[in-house]
Structures are given as structure tokens and as C-alpha cells.
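Asks: Here you go, sequence then predicted model.
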Amino acid sequence: MVDRPSVEVHWHNHAVSRQQREQQRGHAGCVVWLTGLSACGKSTVANLVDHKLHSMGVSSYVLDGDNIRHGLNASPEMLRQTHGEEFAKRFGLGFSAQDREENIRRIGAVAKLFCDAGLIAITAFISPYRIDRDRVRATLAPGDFVEVFVDAPLEVCESRDPKGLYKKARAGQLKGFTGIDDPYEPPLNPELVLDAANNPPEVLADQVIQYLRQVGKLGTK
């Protein structure tokens, strides 16, 4: 006897294919995955890219780390207020290595759905561990995962510190903070590296747009 799951899950093909959606929009879907230390400029660049693509008539959407933590990947503290203690324990995500892994897995799954719908999904997450980013890449077709390393040294990010997070981490008020007492593993072979220490966000956003155009993701746009 072979054990079978109590509920069998099957993938259902859509009546409208990805190719048809991309033909209608005039551009390809993909995932632009921005990674880097806190305060390196990921969210700023992501939103500038989104704005520029929108002005070009390209369908795109930003999945931002802080915004996602308000809903899909809410913390136990937030879920406790809305869904109760037991639900918060089961489904809330903190910032442990295990929770960060699940955070990225969920985001990768959502980004893939956007990509399959023919949109350009732009993510802005620290996503500190290579294995988590590589797992997301493995779920996508070749060329659909565009890893963008927003490269700014720790001292530069710490000097910016718009949320005061580095200051709290140095004071011991935040544990497991990336770059201070938790590691950040930079990409080894990213599709694009942005020098965020020596270039303004506008220039970095233009470099992302240029790359997408070069690899044919923007089609006729």
C-alpha cells in the first residue's frame, strides 16, 4: 500500500496563457530581485524603477519588505492583535533564520505568480542568505530571475540609517540584525550590480531599466 495525501493538489492550466498575456502587454514578465543591506537603497531604487516602467506603459509592481510584513508575512505581534494568540504562533513570521527563509519562500511564490501573469515583479528585500535567493531562482524559468545586488558597504548604510535600526542593533536592542550580529551573503553571480555608494538612485534605476531592455524584457516598450 502506498500512502496518499488526504487532499490531492493538481496544477490547473489557465485558459489564457502567459504568452498571450505578454503579447497583449507588449513586454515580458520577470522578477527583478533587489538584495542588499538595510539602508542600501533597495526600496528607493525599486520604486523609481516601478515609476519609470509605469510611465513607459509597462505593467509592474513592487513587493517591498516592510509592506509585505504588514499582511502576507505579518509578525506574531501583529497577528496576535487581529487573529489571536494561537494563530499568531502558527503563522506569524519574525526575523529568525527559519522565519526569514519562509518569508523569502512566500515572496518568491507571489513574485512567480506575477511573472506568470506577464508582469514585472520588483522585490526589495534584504534576503541575506544565498540559498534562499537561489531557491527562488530555481522556481523560475531561465532568464526570469534578475538578481540585482544593491551594493553599499556597511559603513555607508549605517551612516544613512533612516529608521535608526543600526543604532538600535549596536545598542543591543535589536538581535539578529543583518550586518551587525547576523551575516549578509552577497550574490556571487548576480545579473546586475549597482554601486549604491557612489551613484544616486535615479542613475541606479536607469541601469536596471537599461538591463531589462538589453535582455529583451521590455519588448516593444
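Replies: Right, received. Where do you want to start? Numbering: from 1, shown residues only.
Asks: next one: phi and psi at the residue nearest to the spatial centre of the chain?
Replies: Nearest to the mean C-alpha position of the chain, counting by CA atoms, centre = their mean, stands Thr123 at 2.9 Å. In this entry, Thr123 is assigned phi and psi values of phi -110, psi 150 (degrees, to the nearest 10).
Asks: so where is this protein shaky, pLDDT-wise?
Replies: Flagging of the chain using pLDDT under 70 yields the residue ranges 1-6.
Asks: quick one, strands of it?
Replies: Using DSSP state E, the strands of the chain run over residues 30-35, 60-64, 120-124, 145-151, 192-195.
Asks: With distance to Pro183 added, can I get the ones you listed in CSV?
Replies: To be clear about C-beta, it is placed using only N, CA and C from the backbone, and glycine gets the same treatment. Below are the strands of the chain laid out as CSV (distance: least, CB to CB, whole Å):
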stretch, distance to Pro183
strand 30-35, 13
strand 60-64, 23
strand 120-124, 20
strand 145-151, 15
strand 192-195, 19
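Asks: Of those strands, which is nearest Thr178?
Replies: Among these, the nearest to Thr178 by CB to CB is strand 30-35 (10.7 Å).
Asks: picking that back up, which one, of the strands of the chain, ends up nearest to Gln98?
Replies: So among the strands of the chain, strand 30-35 is nearest, using CB to CB, at 19.0 Å.
Asks: Kindly check the end-to-end length of stretch 63-82 for me.
Replies: Start-to-end span of stretch 63-82 (CA to CA, to the nearest Å) is 23 Å.
Asks: returning to that earlier point: contacting residues for the closest residue to the residue nearest to the centre of the chain other than its chain neighbours?
Replies: Spatial nearest neighbour of Thr123, excluding adjacent residues (CB to CB, 6 or more residues apart in numbering): Leu63 at 4.6 Å. The contact partners of Leu63, by CB atoms under 8 Å, 6 or more residues apart in numbering, come to Ile107, Val110, Ala111, Phe114, Ala121, Ile122, Thr123, Ala124, Phe125.
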